[in-house]
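J.: Need coordinates for the following:
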Amino acid sequence: MLLERHLIEYCSPTLASIKTASLFNHSFSSEEELQNQLTHLNSQLGEKGISLMELYRRNNKALIYVYRKSHLEADLNRPGVRRFLTKYGYEHMEVEYALGMLKERLKESGSFPHEIGLFLGYPLGDVIGFINNAGKNCKCIGCWKVYCNECEAVKKFARYRKCRAVYSRLWKNGRTVWQLTVAA
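T.: Coordinates of the predicted model:
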């Protein structure tokens with residue numbers, strides 16, 4: 001199943017509960033097929049704290065957001081995040097509301113609203129640094145462009161790479177996505 005392979009390739013750190021959320025593009029042949037796959041995976045992985053949702057769709061490609069609600073809730077309530085997101089029209093920090101607002105912002109702009117980094121677990125300082133520097137002048141690049149704590153980010157990037165490698169190997173050797181998903 002292509003969607004399961006994408007979960008392993010792009011979402012292993014989220015499945016392992018070391019990252020709040022992940023995002024990937026997924027091609028599908030029919031809307032019914034996509035909805036059936038998402039429904040199946042949500043019912044299967046939901047008991048372990050994982051949710052999948054379609055954030056945006058263009059033609060036969062969907063932007064799939066995979067997240068841990070408990071982690072996202074904590075991230076949205078970190079110091080400074082509420083003040084930052086209110087500048088972009090977010091009135092509440094409840095997960096469902098914030099994700100609905102993010103979906104709307106994606107539709108409006110047709111491009112990635114920069115606050116999406118907060119929904120992926122990126123540090124607020126790096127999201128602000130990216131916006132203020134128009135994506136230039138970063139200290140390093142990994143899963144995101146780093147403007148603040150380079151040492152900590154490099155350690156996280158290494159953990160994410162190792163997690164992806166281990167999950168890929170285990171999945172290729174027969175483990176299921178459900179077996180590889182940490183309950184949280």
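J.: and residue 62, what does it touch?
T.: 25, 26, 28, 34, 54, 56 (C-beta atoms under 8 Å, 6 or more residues apart in numbering). Quick note: C-beta positions are derived from backbone N, CA and C, even for glycine.
J.: Now do it against residue 35, distance only.
T.: Distance, residue 62 to residue 35, using C-beta to C-beta, to the nearest Å: 10 Å.
J.: center of this structure, which residue is that?
T.: For the chain, residue 22 is the residue whose C-alpha lies nearest the centre (C-alpha atoms, centre = their mean; 2.4 Å).
J.: Without its sequence neighbours, what residue ends up closest to it?
T.: Spatially, and ignoring its direct neighbours in sequence, residue 22 is nearest to residue 11 (3.9 Å; C-beta to C-beta, 6 or more residues apart in numbering).
J.: and the gap between the one you found and residue 23?
T.: 9 Å.
J.: Repeat that for residue 107.
T.: 16 Å.
J.: Equivalent analysis for residue 30, please.
T.: Distance from residue 30 to residue 23, by C-beta to C-beta: 22 Å.
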